[in-house]
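Asker: sequence first, then the predicted structure:
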Amino acid sequence: MDPYGYGPRLDPDPKSMGGVPSSSQSDINQLLDQILCITDQTLDEAQVRKHTLNCHRMKPALFEVLCQIKEKTVLSQRHGEQEDVPDPQLARLDNMLVAEGVAGPEKGRGDQAASTAAAASASGQPETTVEHVDYKNKLSEIRSIYHLEFEKYEQACNEFTTHVMNLLREQSRTRPITAKEIERMVRIVHQKFLSIQGQLKQSTCEAIMILRSRFLDTRRKRRNFSKKATEVLNEYFYSHLANPYPSEEAKEELARKCNITVSQVSNWFGNKRIRYKKNISKAQEEANGYTGKPTMQSQHLEDYGLMLPPPSEWNDFHHTPSPHLHSPDHWPAEHHQIDPGLRDDKDGRSLTR
DNA sequence: ATTTATGATTGACG
DNA sequence: CGTCAATCATAAAT
(Lines give C-alpha, C1' and ligand atoms only; values in the text may rest on other atoms or scores of the structure.)
Protein backbone atom coordinates (compact mmCIF):
# COMPACT_ATOMS: atom_id res chain seq x y z
CA MET A 1 0.00 0.00 0.00
CA ASP A 2 0.96 3.56 -0.41
CA PRO A 3 3.31 2.98 -3.16
CA TYR A 4 3.98 6.62 -3.72
CA GLY A 5 5.27 7.23 -0.29
CA TYR A 6 2.81 9.86 0.77
CA GLY A 7 2.40 8.22 4.09
CA PRO A 8 -0.55 8.68 6.41
CA ARG A 9 -2.61 11.81 6.37
CA LEU A 10 -1.51 14.57 8.61
CA ASP A 11 -4.80 15.97 9.67
CA PRO A 12 -5.81 13.87 12.70
CA ASP A 13 -3.66 15.82 15.05
CA PRO A 14 -2.27 18.99 13.62
CA LYS A 15 -1.29 20.23 17.04
CA SER A 16 1.42 17.66 17.22
CA MET A 17 3.46 19.71 14.84
CA GLY A 18 5.88 21.12 17.32
CA GLY A 19 5.71 24.81 17.91
CA VAL A 20 3.59 25.75 15.01
CA PRO A 21 1.33 28.65 15.95
CA SER A 22 -2.34 27.90 15.89
CA SER A 23 -2.80 30.58 13.28
CA SER A 24 -1.00 28.33 10.79
CA GLN A 25 -3.32 25.50 11.55
CA SER A 26 -5.93 26.87 9.23
CA ASP A 27 -3.13 27.43 6.82
CA ILE A 28 -2.33 23.78 6.82
CA ASN A 29 -5.90 22.67 6.47
CA GLN A 30 -6.35 25.03 3.61
CA LEU A 31 -3.25 23.68 2.01
CA LEU A 32 -4.38 20.12 2.38
CA ASP A 33 -7.72 20.95 0.91
CA GLN A 34 -6.06 22.44 -2.05
CA ILE A 35 -3.97 19.33 -2.46
CA LEU A 36 -6.92 17.01 -2.14
CA CYS A 37 -9.01 18.72 -4.76
CA ILE A 38 -6.17 19.32 -7.10
CA THR A 39 -7.42 16.62 -9.43
CA ASP A 40 -10.68 18.45 -9.91
CA GLN A 41 -8.99 21.37 -11.50
CA THR A 42 -8.07 21.92 -15.07
CA LEU A 43 -4.49 21.51 -16.11
CA ASP A 44 -3.71 25.21 -16.46
CA GLU A 45 -5.33 25.92 -13.20
CA ALA A 46 -3.42 23.08 -11.66
CA GLN A 47 -0.15 24.37 -12.96
CA VAL A 48 -0.79 27.69 -11.33
CA ARG A 49 -1.78 26.10 -8.07
CA LYS A 50 1.18 23.84 -8.21
CA HIS A 51 3.45 26.73 -8.57
CA THR A 52 1.92 28.62 -5.70
CA LEU A 53 2.09 25.50 -3.59
CA ASN A 54 5.68 25.03 -4.50
CA CYS A 55 6.43 28.50 -3.42
CA HIS A 56 4.52 28.24 -0.24
CA ARG A 57 6.59 28.92 2.77
CA MET A 58 5.43 25.69 4.40
CA LYS A 59 6.47 23.52 1.52
CA PRO A 60 9.98 22.63 2.69
CA ALA A 61 8.73 21.68 6.09
CA LEU A 62 5.95 19.50 4.75
CA PHE A 63 8.28 17.88 2.34
CA GLU A 64 10.64 17.12 5.16
CA VAL A 65 7.82 15.44 7.02
CA LEU A 66 6.97 13.35 4.00
CA CYS A 67 10.56 12.27 3.73
CA GLN A 68 10.70 11.24 7.34
CA ILE A 69 7.52 9.25 7.13
CA LYS A 70 8.68 7.58 4.01
CA GLU A 71 11.95 6.71 5.65
CA LYS A 72 10.06 4.78 8.29
CA THR A 73 7.63 2.97 6.01
CA VAL A 74 10.31 2.09 3.56
CA LEU A 75 12.23 0.28 6.23
CA SER A 76 9.39 -2.12 6.81
CA GLN A 77 8.84 -2.41 3.09
CA ARG A 78 12.30 -3.60 2.28
CA HIS A 79 11.74 -7.23 2.48
CA GLY A 80 10.20 -9.65 0.04
CA GLU A 81 12.95 -8.78 -2.41
CA GLN A 82 14.67 -11.54 -4.25
CA GLU A 83 17.72 -10.90 -6.27
CA ASP A 84 18.15 -11.77 -9.93
CA VAL A 85 17.56 -15.37 -10.82
CA PRO A 86 20.40 -17.06 -12.71
CA ASP A 87 17.98 -18.88 -15.02
CA PRO A 88 19.76 -21.96 -16.40
CA GLN A 89 17.47 -22.00 -19.39
CA LEU A 90 18.78 -18.67 -20.54
CA ALA A 91 22.33 -19.82 -19.98
CA ARG A 92 21.73 -22.79 -22.23
CA LEU A 93 20.37 -20.58 -24.96
CA ASP A 94 23.36 -18.33 -24.64
CA ASN A 95 25.72 -21.26 -24.88
CA MET A 96 24.05 -22.51 -27.98
CA LEU A 97 24.13 -19.12 -29.62
CA VAL A 98 27.80 -18.73 -28.89
CA ALA A 99 28.52 -22.23 -30.11
CA GLU A 100 26.69 -21.52 -33.32
CA GLY A 101 28.64 -18.33 -33.81
CA VAL A 102 25.54 -16.18 -33.64
CA ALA A 103 26.26 -14.47 -30.40
CA GLY A 104 29.60 -13.38 -29.07
CA PRO A 105 32.23 -11.91 -31.36
CA GLU A 106 30.65 -10.57 -34.47
CA LYS A 107 32.80 -11.90 -37.24
CA GLY A 108 32.22 -12.13 -40.93
CA ARG A 109 28.67 -10.91 -40.97
CA GLY A 110 26.46 -11.12 -44.00
CA ASP A 111 29.00 -10.68 -46.74
CA GLN A 112 31.24 -13.49 -45.63
CA ALA A 113 29.00 -16.27 -46.87
CA ALA A 114 28.35 -14.40 -50.06
CA SER A 115 32.03 -14.06 -50.77
CA THR A 116 32.51 -17.74 -50.02
CA ALA A 117 29.82 -18.56 -52.52
CA ALA A 118 31.40 -16.29 -55.07
CA ALA A 119 34.73 -17.96 -54.56
CA ALA A 120 33.19 -21.39 -54.95
CA SER A 121 31.47 -20.57 -58.18
CA ALA A 122 34.48 -18.73 -59.46
CA SER A 123 36.66 -21.74 -58.88
CA GLY A 124 34.47 -23.68 -61.22
CA GLN A 125 32.24 -26.06 -59.32
CA PRO A 126 29.48 -24.66 -57.17
CA GLU A 127 28.29 -27.94 -55.79
CA THR A 128 28.40 -29.86 -52.60
CA THR A 129 30.14 -27.07 -50.84
CA VAL A 130 27.10 -25.17 -51.90
CA GLU A 131 25.01 -26.72 -49.22
CA HIS A 132 27.49 -25.58 -46.63
CA VAL A 133 27.61 -22.19 -48.22
CA ASP A 134 23.95 -21.51 -48.18
CA TYR A 135 23.74 -23.01 -44.76
CA LYS A 136 26.22 -20.39 -43.70
CA ASN A 137 24.28 -17.87 -45.67
CA LYS A 138 21.09 -18.60 -43.82
CA LEU A 139 22.98 -18.68 -40.58
CA SER A 140 24.46 -15.28 -41.06
CA GLU A 141 21.05 -14.06 -42.06
CA ILE A 142 19.74 -15.25 -38.76
CA ARG A 143 22.72 -13.75 -37.04
CA SER A 144 22.20 -10.32 -38.53
CA ILE A 145 18.53 -10.38 -37.68
CA TYR A 146 19.42 -11.42 -34.20
CA HIS A 147 21.88 -8.63 -33.76
CA LEU A 148 19.53 -6.12 -35.26
CA GLU A 149 16.74 -7.06 -32.91
CA PHE A 150 19.10 -7.27 -30.01
CA GLU A 151 20.38 -3.78 -30.56
CA LYS A 152 16.89 -2.52 -31.08
CA TYR A 153 15.83 -3.90 -27.74
CA GLU A 154 18.92 -2.58 -26.08
CA GLN A 155 18.31 0.86 -27.44
CA ALA A 156 14.66 0.76 -26.46
CA CYS A 157 15.71 -0.36 -23.03
CA ASN A 158 18.09 2.53 -22.64
CA GLU A 159 15.56 5.00 -23.89
CA PHE A 160 12.93 3.70 -21.60
CA THR A 161 15.29 3.68 -18.67
CA THR A 162 16.35 7.26 -19.13
CA HIS A 163 12.75 8.21 -19.57
CA VAL A 164 11.80 6.55 -16.36
CA MET A 165 14.71 8.14 -14.57
CA ASN A 166 13.80 11.56 -15.85
CA LEU A 167 10.26 11.00 -14.73
CA LEU A 168 11.37 9.95 -11.29
CA ARG A 169 13.75 12.85 -11.03
CA GLU A 170 11.00 15.17 -12.04
CA GLN A 171 8.70 13.66 -9.48
CA SER A 172 11.33 13.77 -6.80
CA ARG A 173 10.69 17.47 -6.59
CA THR A 174 7.26 16.79 -5.20
CA ARG A 175 7.66 13.50 -3.48
CA PRO A 176 10.57 11.81 -1.79
CA ILE A 177 12.38 9.27 -3.93
CA THR A 178 15.52 7.62 -2.76
CA ALA A 179 18.36 6.74 -5.04
CA LYS A 180 17.82 3.12 -4.10
CA GLU A 181 14.32 3.29 -5.41
CA ILE A 182 15.46 4.62 -8.72
CA GLU A 183 18.04 1.93 -8.92
CA ARG A 184 15.45 -0.67 -8.14
CA MET A 185 13.15 0.66 -10.81
CA VAL A 186 15.93 0.62 -13.33
CA ARG A 187 16.72 -2.94 -12.42
CA ILE A 188 13.11 -3.93 -12.93
CA VAL A 189 13.06 -2.33 -16.33
CA HIS A 190 16.26 -4.05 -17.29
CA GLN A 191 14.90 -7.34 -16.15
CA LYS A 192 11.82 -6.93 -18.28
CA PHE A 193 13.85 -6.16 -21.32
CA LEU A 194 16.15 -9.04 -20.54
CA SER A 195 13.22 -11.40 -20.60
CA ILE A 196 12.25 -10.02 -23.99
CA GLN A 197 15.74 -10.62 -25.22
CA GLY A 198 15.48 -14.09 -23.80
CA GLN A 199 12.54 -14.71 -26.03
CA LEU A 200 14.52 -13.36 -28.93
CA LYS A 201 17.30 -15.79 -28.10
CA GLN A 202 14.86 -18.64 -27.86
CA SER A 203 13.30 -18.01 -31.22
CA THR A 204 16.74 -17.58 -32.73
CA CYS A 205 17.75 -20.94 -31.34
CA GLU A 206 14.63 -22.48 -32.79
CA ALA A 207 15.41 -21.01 -36.16
CA ILE A 208 18.88 -22.46 -36.00
CA MET A 209 17.55 -25.86 -35.06
CA ILE A 210 15.19 -25.82 -38.00
CA LEU A 211 17.99 -24.70 -40.26
CA ARG A 212 20.17 -27.51 -39.00
CA SER A 213 17.59 -30.20 -39.53
CA ARG A 214 16.97 -28.80 -42.95
CA PHE A 215 20.53 -28.65 -44.15
CA LEU A 216 22.77 -30.83 -42.08
CA ASP A 217 20.44 -33.76 -41.87
CA THR A 218 21.26 -35.43 -45.10
CA ARG A 219 18.62 -37.25 -46.97
CA ARG A 220 16.45 -34.31 -46.21
CA LYS A 221 16.90 -31.37 -48.42
CA ARG A 222 18.62 -33.31 -51.17
CA ARG A 223 20.47 -31.22 -53.66
CA ASN A 224 20.96 -32.39 -57.20
CA PHE A 225 24.48 -32.38 -58.52
CA SER A 226 25.37 -29.67 -60.92
CA LYS A 227 24.93 -30.12 -64.62
CA LYS A 228 28.63 -30.34 -65.10
CA ALA A 229 29.07 -32.92 -62.38
CA THR A 230 26.45 -35.24 -63.82
CA GLU A 231 28.00 -34.75 -67.20
CA VAL A 232 31.39 -35.83 -65.96
CA LEU A 233 29.90 -38.80 -64.19
CA ASN A 234 27.81 -39.82 -67.16
CA GLU A 235 30.77 -39.49 -69.44
CA TYR A 236 32.78 -41.85 -67.32
CA PHE A 237 29.88 -44.21 -66.97
CA TYR A 238 29.12 -44.51 -70.65
CA SER A 239 32.71 -44.67 -71.70
CA HIS A 240 33.21 -47.51 -69.26
CA LEU A 241 29.92 -49.16 -69.90
CA ALA A 242 31.57 -52.49 -70.16
CA ASN A 243 32.79 -52.27 -66.62
CA PRO A 244 31.40 -49.24 -64.90
CA TYR A 245 33.16 -49.82 -61.64
CA PRO A 246 35.61 -47.02 -61.07
CA SER A 247 38.55 -47.84 -58.89
CA GLU A 248 39.20 -45.96 -55.75
CA GLU A 249 41.60 -43.69 -57.55
CA ALA A 250 39.13 -43.10 -60.35
CA LYS A 251 36.48 -42.30 -57.80
CA GLU A 252 38.74 -39.83 -56.15
CA GLU A 253 39.47 -38.26 -59.48
CA LEU A 254 35.80 -38.03 -60.31
CA ALA A 255 35.03 -36.70 -56.91
CA ARG A 256 37.65 -34.04 -57.35
CA LYS A 257 36.37 -33.09 -60.78
CA CYS A 258 32.78 -32.93 -59.65
CA ASN A 259 33.57 -31.39 -56.32
CA ILE A 260 31.67 -34.07 -54.49
CA THR A 261 32.80 -36.70 -52.07
CA VAL A 262 33.98 -40.17 -52.97
CA SER A 263 30.97 -41.58 -51.18
CA GLN A 264 28.72 -39.56 -53.39
CA VAL A 265 30.52 -40.89 -56.43
CA SER A 266 29.96 -44.41 -55.15
CA ASN A 267 26.33 -43.67 -54.52
CA TRP A 268 25.95 -42.21 -57.94
CA PHE A 269 27.47 -45.21 -59.67
CA GLY A 270 25.46 -47.59 -57.57
CA ASN A 271 22.27 -45.81 -58.50
CA LYS A 272 23.32 -45.41 -62.08
CA ARG A 273 24.15 -49.05 -62.63
CA ILE A 274 20.94 -50.35 -61.17
CA ARG A 275 18.81 -47.79 -62.92
CA TYR A 276 20.52 -48.14 -66.22
CA LYS A 277 19.99 -51.82 -66.02
CA LYS A 278 16.36 -51.37 -65.20
CA ASN A 279 15.82 -49.09 -68.11
CA ILE A 280 17.64 -51.45 -70.43
CA SER A 281 15.56 -54.40 -69.46
CA LYS A 282 12.44 -52.41 -69.68
CA ALA A 283 12.59 -50.42 -72.86
CA GLN A 284 15.81 -51.28 -74.56
CA GLU A 285 16.08 -55.00 -74.35
CA GLU A 286 13.88 -55.50 -77.32
CA ALA A 287 15.00 -52.44 -79.16
CA ASN A 288 18.64 -53.21 -78.91
CA GLY A 289 19.24 -54.55 -82.33
CA TYR A 290 20.39 -51.16 -83.28
CA THR A 291 23.56 -49.68 -82.16
CA GLY A 292 22.54 -46.10 -82.76
CA LYS A 293 19.87 -44.54 -80.66
CA PRO A 294 17.87 -47.42 -79.43
CA THR A 295 15.08 -45.71 -77.63
CA MET A 296 13.77 -42.37 -76.73
CA GLN A 297 14.10 -43.58 -73.21
CA SER A 298 17.83 -43.72 -73.30
CA GLN A 299 18.54 -40.13 -72.77
CA HIS A 300 20.67 -38.70 -75.57
CA LEU A 301 23.54 -40.98 -75.02
CA GLU A 302 25.12 -39.52 -78.09
CA ASP A 303 26.29 -36.76 -75.90
CA TYR A 304 28.68 -39.06 -74.19
CA GLY A 305 30.58 -40.26 -77.20
CA LEU A 306 30.47 -43.96 -76.58
CA MET A 307 27.36 -45.82 -77.36
CA LEU A 308 25.75 -48.26 -75.10
CA PRO A 309 26.60 -51.81 -75.81
CA PRO A 310 23.42 -53.74 -76.01
CA PRO A 311 22.87 -56.08 -73.15
CA SER A 312 23.57 -59.10 -75.27
CA GLU A 313 27.04 -57.86 -75.91
CA TRP A 314 27.90 -57.41 -72.29
CA ASN A 315 28.81 -61.02 -72.43
CA ASP A 316 31.21 -60.19 -75.13
CA PHE A 317 34.50 -60.01 -73.44
CA HIS A 318 36.36 -59.66 -76.68
CA HIS A 319 36.88 -56.01 -76.48
CA THR A 320 36.90 -55.46 -72.84
CA PRO A 321 38.97 -52.47 -71.91
CA SER A 322 38.95 -53.48 -68.31
CA PRO A 323 40.87 -56.31 -66.75
CA HIS A 324 38.23 -58.87 -66.26
CA LEU A 325 34.74 -58.95 -67.30
CA HIS A 326 32.25 -61.38 -68.32
CA SER A 327 28.86 -60.38 -67.34
CA PRO A 328 25.87 -62.53 -67.77
CA ASP A 329 22.89 -60.27 -68.18
CA HIS A 330 24.47 -57.66 -66.10
CA TRP A 331 27.75 -56.78 -64.63
CA PRO A 332 29.44 -59.22 -62.39
CA ALA A 333 29.06 -58.83 -58.72
CA GLU A 334 32.68 -59.78 -58.35
CA HIS A 335 34.76 -56.85 -57.48
CA HIS A 336 38.38 -56.42 -56.98
CA GLN A 337 39.65 -54.55 -54.05
CA ILE A 338 42.48 -52.33 -55.01
CA ASP A 339 44.71 -51.75 -52.08
CA PRO A 340 42.40 -51.91 -49.13
CA GLY A 341 45.25 -50.46 -47.15
CA LEU A 342 45.04 -46.76 -47.56
CA ARG A 343 41.68 -45.27 -46.95
CA ASP A 344 41.36 -41.63 -46.33
CA ASP A 345 37.66 -41.31 -46.14
CA LYS A 346 36.98 -38.61 -43.69
CA ASP A 347 33.30 -39.18 -43.69
CA GLY A 348 32.92 -42.88 -43.51
CA ARG A 349 30.56 -43.85 -46.22
CA SER A 350 28.29 -40.91 -46.43
CA LEU A 351 27.87 -37.34 -45.47
CA THR A 352 25.62 -38.24 -42.67
CA ARG A 353 26.57 -36.77 -39.40
C1' DA B 1 -1.56 -31.91 -57.29
C1' DT B 2 0.52 -35.74 -59.29
C1' DT B 3 4.27 -37.91 -61.37
C1' DT B 4 9.04 -38.49 -62.43
C1' DA B 5 14.02 -37.99 -61.42
C1' DT B 6 17.52 -38.47 -58.31
C1' DG B 7 20.65 -38.51 -54.24
C1' DA B 8 20.91 -41.00 -50.00
C1' DT B 9 19.95 -44.88 -46.83
C1' DT B 10 19.27 -49.57 -45.44
C1' DG B 11 19.83 -54.57 -45.16
C1' DA B 12 21.53 -58.66 -47.38
C1' DC B 13 25.29 -61.03 -49.47
C1' DG B 14 29.95 -62.62 -50.11
C1' DC C 1 34.37 -53.30 -47.29
C1' DG C 2 31.80 -52.68 -51.85
C1' DT C 3 27.90 -53.81 -54.23
C1' DC C 4 22.91 -54.78 -55.25
C1' DA C 5 18.18 -54.12 -54.56
C1' DA C 6 14.59 -51.96 -52.44
C1' DT C 7 13.14 -47.90 -50.38
C1' DC C 8 12.97 -43.13 -48.65
C1' DA C 9 12.43 -38.29 -49.24
C1' DT C 10 12.94 -34.49 -51.85
C1' DA C 11 13.78 -31.69 -56.32
C1' DA C 12 12.10 -31.00 -60.60
C1' DA C 13 8.83 -31.73 -64.22
C1' DT C 14 4.08 -32.37 -65.78
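Answerer: All right, it came through fine.
Asker: quick one: least confident helix or strand in chain A?
Answerer: Every helix and strand of chain A was ranked by mean pLDDT, DSSP states H and E. The lowest is helix A:110-122, at a mean of 47.
Asker: avg pLDDT for the strand or helix carrying A:Gln68?
Answerer: In the assignment (DSSP states H and E), A:Gln68 maps to helix A:59-77. Averaged across helix A:59-77, pLDDT comes to 77.
Asker: what residues of the very next helix or strand once past it count as buried?
Answerer: Next helix or strand after helix A:59-77 toward the C-terminus (DSSP H and E): helix A:88-99. Neighbour counts using 16 or more other CB atoms under 10 Å place A:Leu90, A:Leu93, A:Asp94, A:Met96, A:Leu97 of helix A:88-99 among the buried residues. Backbone N, C-alpha and C define where each C-beta goes, glycine included.
Asker: which of those come close to DNA strand C?
Answerer: Contacts with DNA strand C are made by none of those, judged by CB under 7 Å from any atom of the strand.
Asker: and of those residues, the nearest to DNA strand C?
Answerer: Checking those against DNA strand C with CB to the nearest atom of the strand, the nearest one is A:Met96 at 23.8 Å.
Asker: would you mind finding the longest helix in chain A?
Answerer: If you go by DSSP state H, chain A has its longest helix at helix A:129-171.
Asker: that helix to helix A:88-99, inter-axis angle?
Answerer: 130 degrees (axes from the mean of the first three to the mean of the last three CA atoms, to 10 degrees).
Asker: helices along chain A, start to end?
Answerer: All helices of chain A, identified by DSSP H, fall at A:23-36, A:43-54, A:59-77, A:88-99, A:110-122, A:129-171, A:179-215, A:227-239, A:248-258, A:262-279.
Asker: how close does A:Leu254 get to A:Asn279?
Answerer: Per CB to CB, to the nearest Å, A:Leu254 is found 22 Å from A:Asn279.
Asker: ok, A:Ile35 next?
Answerer: 96 Å.
Asker: for A:Leu254 and A:Asn279, indicate the residue with more neighbours.
Answerer: A:Leu254 (23 against 15; other CB atoms under 10 Å).
Asker: burial count for the residue lying closest to that one once chain neighbours are set aside?
Answerer: Using CB to CB, 6 or more residues apart in numbering and skipping residues adjacent in sequence, the residue nearest A:Leu254 is A:Val265, 5.0 Å away. Using other CB under 10 Å, A:Val265 has 24 neighbouring residues.
Asker: same question, A:Gly101
Answerer: Applying other CB under 10 Å, we find 16 residues neighbouring A:Gly101.
Asker: I'd like the distance between it and A:Arg143.
Answerer: Taking CB to CB, one finds A:Gly101 at 7 Å from A:Arg143.
Asker: between helix A:179-215 and the longest helix of chain A, find me the angle.
Answerer: Following the same axes, to 10 degrees, one obtains 170 degrees for the angle between helix A:129-171 and helix A:179-215.
Asker: and DNA strand C, is helix A:129-171 touching that?
Answerer: No: Helix A:129-171 is not in contact with DNA strand C by CB under 7 Å from any atom of the strand; minimum separation 10.1 Å.
Asker: just checking, what packs against that helix?
Answerer: Identification of packing neighbours for helix A:129-171 by 3 or more CB pairs under 8 Å, 6 or more residues apart in numbering; DSSP states H and E yields helix A:110-122, helix A:179-215.
Asker: try 10 Å this time
Answerer: Packing partners of helix A:129-171 (3 or more CB pairs under 10 Å, 6 or more residues apart in numbering; DSSP states H and E): helix A:88-99, helix A:110-122, helix A:179-215.
Asker: show me the contacts for the residue nearest to A:Leu254.
Answerer: By CB atoms under 10 Å, 6 or more residues apart in numbering, A:Val265 lies in contact with A:229, A:232-233, A:236, A:246, A:250-258.
Asker: can you select the buried ones from those in PyMOL?
Answerer: Applying 16+ other CB under 10 Å to the contacts of A:Val265, the buried members can be selected in PyMOL as follows:
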select buried, chain A and resi 229+232+233+236+246+251+253+254+255+257+258
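Asker: how about stretch A:243-251 against DNA strand B, any contact?
Answerer: No: with CB under 7 Å from any atom of the strand as the criterion, DNA strand B is not reached by stretch A:243-251; the gap is at least 12.4 Å.
Asker: quick check: end-to-end length of that stretch?
Answerer: Start and end residues of stretch A:243-251 are separated by 14 Å (CA to CA, to the nearest Å).
Asker: again, but for stretch A:255-266
Answerer: 9 Å.
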